[in-house]
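Provide a 3D model corresponding to the input given below.
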Amino acid sequence: MNRIAHISDLHFGRSDPELLDPLIRALNAAKPDLVAATGDFTQRARRSQYRDARAFLDRLEAPWLSVPGNHDVSLDNLWLRFMRPYARYRKHIASDLLTVHEAEGFMAIGLNTVDRFRVQRGKARRAQLHRACELLSQTDGIRVVLAHHPFEQDEDIKKSLMKHAHLGIEKLAECGVQLVLSGHLHRWRTEPFLSAKHGRQILQVHVGTGLSTRLRGQENDFALLDVSATTARVTRMVARGRNFEPAGVREFSFGADGWHETGDTEAAGAASKSGTFTAEGRAPPSEETS
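Have a look, this model is predicted:
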């Protein structure tokens, strides 16, 4: 069983300072194998905001993997936006725009879905998808992809779905990806994709914002994912005062026809609220996830 902590949309420059220490404390207490950060580290891609974002990452005890978000390229400095859009991101966060983390049991690939020619709409790049599939073919473990922009979203979302999203998810399904993590919408969602060709092969988890005051009717949150080749337990961690606390659990199993939800999710959610985390920070396994 591997644990991934998924955070997104920290928006330094528009973040709540009272949540900073609680978020770091919760992430470190969870003892994840990887912290997956899916973009929008900054509000306006300014140097001071990037320095704050890097200071946050440096306080994490677990290894982390990141992708840029649309707010991580300058909006008001047009020369920088079009000529060197990722210069500050590369300097302060990650030098590569296709990032890789491999550990026992899983491989995670971070894709850059930012489009410098659009303010918020992203795009899935064919070359990156192809390269990601080449890399993922080298592992027998769980195949995880990070992207700032979601490949699928609810109908009531006003933001445009990223360009080539449907082609992208079909490509990822073809190369055996089982889990896609995203952000951007400041909204929680955990559901299997309904791929036209590949059914429910990929489980999508997109979280809201870990720190930003730019809420969209939901609390600040992040996700803890306990995953194996055939199971996924997704715990939503929500800001309550000066702490991040469990606020519900979804459990899924993976079979011949893809991901399906299992177990009594209401009971699991109630159990998580009452404090199911052990001293090591991990939830005890259920019958479905053991």
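
Any buried residues in stretch 158-167, and which?
Buried residues in stretch 158-167, defined by neighbour count with 16 or more other C-beta atoms under 10 Å: 162-166. The way it works is simple: take the backbone N, C-alpha and C, and place the C-beta from them, glycine included.

Could you do stretch 244-264 as well?
244-254, 258-259, 262-263.

same question for that stretch, mean pLDDT?
Stretch 244-264 shows a mean pLDDT of 89.

For the residue nearest to residue 60 when sequence neighbours are not counted, report the pLDDT, please.
Distances taken as C-beta to C-beta, 6 or more residues apart in numbering place residue 35 nearest to residue 60, at 5.5 Å, with adjacent residues excluded. pLDDT recorded at residue 35 is 98.

What is the neighbour count of residue 35?
22 (other C-beta atoms under 10 Å).

where along this protein do the helices fall?
17-30, 47-58, 78-83, 87-92, 126-136, 165-174, 265-273 (DSSP state H).

List the contacts of the fourth one.
Contacting residues not belonging to helix 87-92 are listed as 41, 45, 47, 50-51, 53-54, 68, 72-74, 80, 97 [C-beta atoms under 8 Å, 6 or more residues apart in numbering].

Next, format those as a markdown table and append neighbour count, pLDDT and distance to residue 204.
Below are the contacts of helix 87-92 laid out as a markdown table (neighbours: other C-beta atoms under 10 Å; pLDDT from 0 to 100; distance: C-beta to C-beta, whole Å):
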| residue | neighbour count | pLDDT | distance to residue 204 |
| --- | --- | --- | --- |
| 41 | 33 | 98 | 21 |
| 45 | 28 | 96 | 27 |
| 47 | 11 | 97 | 33 |
| 50 | 20 | 98 | 28 |
| 51 | 14 | 98 | 32 |
| 53 | 25 | 98 | 25 |
| 54 | 15 | 98 | 28 |
| 68 | 27 | 98 | 20 |
| 72 | 27 | 97 | 22 |
| 73 | 24 | 96 | 24 |
| 74 | 20 | 95 | 29 |
| 80 | 17 | 93 | 32 |
| 97 | 16 | 94 | 22 |
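
so which of the residues you listed comes closest to residue 233?
Minimum distance to residue 233 across the contacts of helix 87-92 is 27.1 Å, recorded for residue 41 (C-beta to C-beta).

roughly how far apart are the closest one and residue 130?
Distance of residue 41 to residue 130, computed by C-beta to C-beta, to the nearest Å: 27 Å.

Check residue 44 too.
Counting by C-beta to C-beta - residue 44 and residue 130 are separated by 33 Å.

Count residues in the vicinity of residue 142, would you?
23.

does it really touch residue 227, like I thought?
Yes: between residue 142 and residue 227 there is a contact at 5.7 Å, judged by C-beta atoms under 8 Å.

which residues are common contacts for the two?
Overlap of the contact sets of residue 142 and residue 227 (by C-beta under 8 Å, 6+ apart) consists of 2, 106, 179.

quick one: which of those residues sit in strands?
2, 106, 179 (DSSP state E).

Going by neighbour count, which of those comes out on top?
Ranked by neighbours (other C-beta under 10 Å), these are led by residue 179, which has 26 neighbours.

mind checking how far it is from residue 63?
17 Å.

Point out where this protein drops to low pLDDT.
When residues are selected by pLDDT under 70, those of the chain lie in 194-199, 263-290.

Pull out the buried positions in stretch 73-92.
Of all the residues in stretch 73-92, those buried under the rule 16+ other C-beta under 10 Å are 73-74, 80, 85-86, 88-89, 92.

Kindly report the same for stretch 92-100.
So for stretch 92-100, counting by 16+ other C-beta under 10 Å, buried means 92-94, 97-99.

and the residues you listed, which two are the farthest apart?
Greatest spatial distance in those: 92 and 98, 17.8 Å, computed using C-beta to C-beta.

still on that earlier bit, which one of the buried residues of stretch 158-167 sits closest to residue 147?
For the buried residues of stretch 158-167, the nearest to residue 147 is residue 162 (8.3 Å; C-beta to C-beta).

give the contact list for the closest one.
Residue 162 neighbours (C-beta under 8 Å, 6+ apart): 113, 115, 121-124, 149-151, 168.

Many thanks, I have nothing further to ask.
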